[in-house]
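In: Got a sequence here, can you model it:
(chains A and B)
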Amino acid sequence: MDLSPTQRQEELRHGLTTFLESHGRPESESVDTADPAYDPGLWSALVSGGWVTVGFPDAVGGRGGGIGDLVVVAEALGRGPVPTPLHGGIVLCGQALLATPGEGDRLQALLAGERTFTYANWEGFEEASERQPTVVAAVTRRGWRLDGQTRFVPYGVDADELLVMADVRESGAQQGPTLFAVPGSSSGLTTQLVPTLGGDRWSHVTFSGVEVDASHMVGQVGHAAQWLPRVLDIGRVVLAAEMIGAAAAALSHASRWSTGRVQFNAPIGSLQAVQHRLADAYIDVVTAQDSVYDAAAIIDRGEETRMVAAAAKAYCSDACRRVTAAAQQVCAGEGIYADQPLHLWHRRIASLVPVLGNVRYLRAAVAASILPG
Amino acid sequence: MTLDFRFSTEVEAFRDEVRTFLDQEMAAAETAPFGDDDDLTGLSEEFERRLLRRAGARGFLGISLPAEWGGGGRPAAFQAAFNLEVAAHDAPLIDTAVTLAAQPLLAWGSPEQQAFFLPRIVAGELMVCIAYTEPDAGSDLGNLSMVAEPDGDGFVLTGVKSLVTAAHKADWCLTIARTRPGVPPRDGLTMFLLDMKAEGLDVRRRATMNRWTLGEITCDGVRVGSGAVLGGENEGWRQLAAAVATEGGGMFHIGFARHLFDTLVTYVTSEHGDVVLSGDPIIRDRVASLHGELEVAERLAKRAIWMQETGRDNMVFAAMAKVYATELLQRLALAATDIAGMDGTLYRPLFGPASSTNSGDGRFAWEYLERVHGTIGGGTNEIKRTLIAQAGLGLPRPPRVA
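Out: Next comes the predicted model:
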């Protein structure tokens, strides 16, 4: 048993926090405007500075370290909160390219910040029974033709390339999930930005006879099934890490507020009703943190990831939402204003909860590990 | 080193040793003749004392106490692993002598007291009960009213202590009384070690809703010598605050919770009539949720232990671990009785004769009654939450009411 952070983790936490402070926090109100809080300039600085390429080996252009280091980065971004394409743009796409032989060029371009990527339509392939694949690839003389629609692609309108999972049909037979790198500017591809409560740049994407040549296939036909579960699990832990950063920041904010706010001649933070609610929020924060750190360590040890990743994200989804609910209640009227930061953490967590599986779906995965059929 | 919540291989090896010992000692054939519903352990004093001595002989008691007193001198994780297995086996080794009396004796005991008590405690030869609470002073120990009046070179104790675990069978009692009238309690309390056979000391057993009894100790002019004082005269307030803060029994709750969870999983995966409940998505969701919470509770308890082991102040985390685990136990017991329907109301004391009705076997109802007191004893969860908020989050203390 050793629960102390490594020196590398301490340095990442401190360094990134300082870096983000020098860039300022997003304007509270901008999250609701036509141009969301996402700052493309900050994102490319995070990539070129090597802050978000943690967890990828030096040899492919990453900063090295493991998932245990990556969650420290995600937590610091959540603490801002700094909305970024972290989980979709770097973690999922990068881990998929890393797991696929012969994808060094695309991976280097991604980690160097030369091209931006996002993922589309992956979750539908995790469990065949869960959802039907909605994008289909058919063989053409030159390569492949993609048809179908996929919803909720993160930063889909911004990405240079979409890594889309398609069901390959050859002679009418399903060949398994196959990944294609499709340029965002492809003819027949349309992206539509959709408004969400988190103010993230989610898009719906339609493929209408999008033609790509054979070089756009990532790996081999049906190959994606080999790495997909593990990569999605890494993504889940990173999402949970962003949530714990946001929850911890919301709790600090509420603690500060309740210490300074005086009613009935006493700081409200001295009232038992407030103290006990925030004590519970504190328990939620530290237990959610440890569930993320433990899951990341288990991934780094190369052990089975399915149950721990699902359990961590399910628990963090519930615990972190309890924390922001408590923070909102304690900060009362002042906390509901858009010019105050509290809603940014509240929204950030709520918007991450359903990504890569909501609580119901994740608990079903946990149940499958401990209960037969 | 990177973060790792697993016990080390040395701790796991020790845990295996304990498990093997308890599998043997707690086998149904061994315990069956000794069932005693009136005792918190569910077993007779004869069985308990025998097991204590056997555990002591194996070096299992006081595994983290200093070797000079016969303890194991091992890091806190060894004690934690022991506690986990003891609780999971329902073994009567959750003994207040080692868990609650040893630390105050180490910290404040005179050389004579340490030489008398500590070797006997680790040998399993002595039972020591803890009597701090009084009928009018539960969480508010500033309100204590037992008096110890100076009398020659000693004291005479008069008053009542309540909610004392194992008082009826203990050999000694660690208690606290007022030694200076007319001063605030923080300046006038002293800790004492009482021989339970002392003249004027009486124990009344009072049954709880789960049948077993707690003790009410009445001292009617109990005379003790100056050697009965533990630590400094009038230092009791400070000593008690430290003793309560370092209470490290968090792993017992995890052992109980694992046992109950495993029993629940067995229940929902077995056939009842022609139904196997684990096919129901609502039950699967609930069991998965409880499983996640059990893992959370264990990590939290382990973090508190790791902090203790590495010399960090773990007061806030120990409080969190206690709050979380005791409330999880209530949720587990509620879920088990709820899921089992009428079977969940079947009641059987821990070591009563087995029924053949189902795998829950009367355990769920027993648990449902048993898990009520966890959130109350050892400092109520409300007291703990106040501590977490003030010491952990730095929230202000309430203004003093005049």
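In: Could you pull up the residues touching residue 204?
Out: As the question left the chain open, I've gone with chain A. The contact partners of residue A:204, by Cβ atoms under 8 Å, 6 or more residues apart in numbering or on different chains, come to A:149-153, A:156, A:191-192, A:194. For glycine as for every other residue, the C-beta is placed from the backbone atoms N, C-alpha and C.
In: could you do chain B instead?
Out: B:215-216, B:218.
In: cool, residue B:114 as well?
Out: B:69, B:105-106.
In: change it to 10 Å
Out: Contact analysis of residue B:114 by Cβ atoms under 10 Å, 6 or more residues apart in numbering or on different chains lists B:66, B:68-69, B:102, B:105-106, B:108.
In: Break chain B into its domains for me.
Out: Listed by automatic domain parsing, the domain ranges of chain B are B:9-94, B:130-233, B:248-392.
In: which SS state does residue A:50 fall under?
Out: Put simply, residue A:50 is coil when judged by DSSP: H, G, I helix; E, B strand; the rest coil.
In: Now do the contacts for residue B:393.
Out: Counted by Cβ under 10 Å, 6+ apart, residue B:393 has contacts A:251-252, A:254-256, A:258-259, A:269, A:275, A:278-279, A:281-282, A:285, B:316.
In: So which residues on the stretch 301-402 of chain B come close to chain A?
Out: B:302-303, B:305-307, B:309-310, B:312, B:316-317, B:319-321, B:323-324, B:327, B:381-382, B:384-390, B:392-399 (Cβ under 10 Å from any Cβ of the partner chain).
In: any idea which element residue B:251 lies in?
Out: For residue B:251, the host element (DSSP states H and E) is helix B:250-269.
In: And the pLDDT for residue 282?
Out: Assuming you mean chain A. pLDDT, the model's per-residue confidence, is 98 for residue A:282.
In: you looked at the wrong chain, it should be chain B
Out: 97.
In: touching chain B at all, the host helix or strand of residue A:368?
Out: Under the criterion of DSSP H and E, residue A:368 resides in helix A:359-370. Yes: residues of helix A:359-370 contacting chain B under Cβ under 10 Å from any Cβ: A:359-360, A:362-370.
In: what's the closest of the residues you listed to residue B:97?
Out: residue A:370 (37.3 Å; Cβ to Cβ).
In: mind listing what the closest residue to the closest one other than its chain neighbours touches?
Out: Of all residues not flanking residue A:370 in the chain, residue B:291 sits nearest, at 5.7 Å (Cβ to Cβ, 6 or more residues apart in numbering or on different chains). By Cβ under 10 Å, 6+ apart, the residues touching residue B:291 are A:307, A:311, A:363, A:366-367, A:369-371, B:261, B:264-265.
In: Okay, and residue B:291 sits in which element?
Out: Taking DSSP H and E as the criterion, residue B:291 maps to helix B:281-309.
In: Show me what the helix or strand following that helix is packed up against.
Out: Note on helix B:281-309: by DSSP H and E, the next helix or strand toward the C-terminus is helix B:315-339. When contacts are defined as 3 or more Cβ pairs under 10 Å, 6 or more residues apart in numbering or on different chains; DSSP states H and E, helix B:315-339 packs onto helix A:272-300, helix B:236-245, helix B:250-269, helix B:281-309, helix B:363-370, helix B:381-387.
In: and helix B:315-339, what's its mean pLDDT?
Out: The pLDDT scores in helix B:315-339 average 96.
In: now the angle from that helix to helix B:281-309?
Out: 160 degrees (axes from the mean of the first three to the mean of the last three Cα atoms, to 10 degrees).
In: and helix B:315-339, which residues are buried?
Out: B:315-330, B:332-333, B:335-337, B:339 (16 or more other Cβ atoms under 10 Å in any protein chain shown).
In: can you check stretch A:324-337 too?
Out: A:324, A:326-328, A:330-331, A:335.
In: and it, average pLDDT?
Out: Per-residue pLDDT over stretch A:324-337 has a mean of 96.
In: Stretch A:347-366 now?
Out: Stretch A:347-366 carries an average pLDDT of 95.
In: got any ranges where the stretch 151-300 of chain A has weak pLDDT?
Out: Filtered on pLDDT under 70, the stretch 151-300 of chain A yields the residue ranges A:172.
In: Tell me which stretches of it form helices.
Out: Taking DSSP state H, counting those that start in this stretch as the criterion, the stretch 151-300 of chain A carries its helices at A:228-260, A:272-300.
In: And the residues of helix A:359-370 next to chain B, which of them are buried?
Out: A:359, A:362-368.
In: for these, which one is nearest residue B:170?
Out: Nearest to residue B:170 among those, counting by Cβ to Cβ, is residue A:366 at 43.8 Å.
In: For the closest residue to chain B within the stretch 51-200 of chain A, what is the enclosing helix or strand?
Out: Closest residue of the stretch 51-200 of chain A to chain B, Cβ to the nearest Cβ: residue A:68 (5.6 Å). Applying DSSP H and E as the criterion places residue A:68 in helix A:67-79.
In: Kindly reformat the residues of helix A:359-370 next to chain B as CSV containing distance to residue B:196.
Out: Output for the residues of helix A:359-370 next to chain B, formatted as CSV (distance: Cβ to Cβ, whole Å):
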residue, distance to residue B:196
A:359, 53
A:360, 55
A:362, 53
A:363, 51
A:364, 55
A:365, 54
A:366, 49
A:367, 50
A:368, 54
A:369, 50
A:370, 46
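In: re the thing from before, what is the distance between the helix holding residue B:291 and the centre of its chain?
Out: Offset of helix B:281-309 from its chain centre (Cα atoms, centre = their mean, to the nearest Å): 20 Å.
In: So which bits of it are buried?
Out: Residues B:283-309 are the ones in helix B:281-309 that count as buried (16+ other Cβ under 10 Å).
In: repeat for stretch A:263-272
Out: A:267-271.
In: what about it and chain B, touching?
Out: Yes: against chain B, stretch A:263-272 shows contacts by Cβ under 10 Å from any Cβ at A:264-272.
In: could those residues go into CSV alongside distance to residue A:118?
Out: Below are the residues of stretch A:263-272 next to chain B laid out as CSV (distance: Cβ to Cβ, whole Å):
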residue, distance to residue A:118
A:264, 52
A:265, 54
A:266, 51
A:267, 46
A:268, 44
A:269, 43
A:270, 48
A:271, 47
A:272, 48
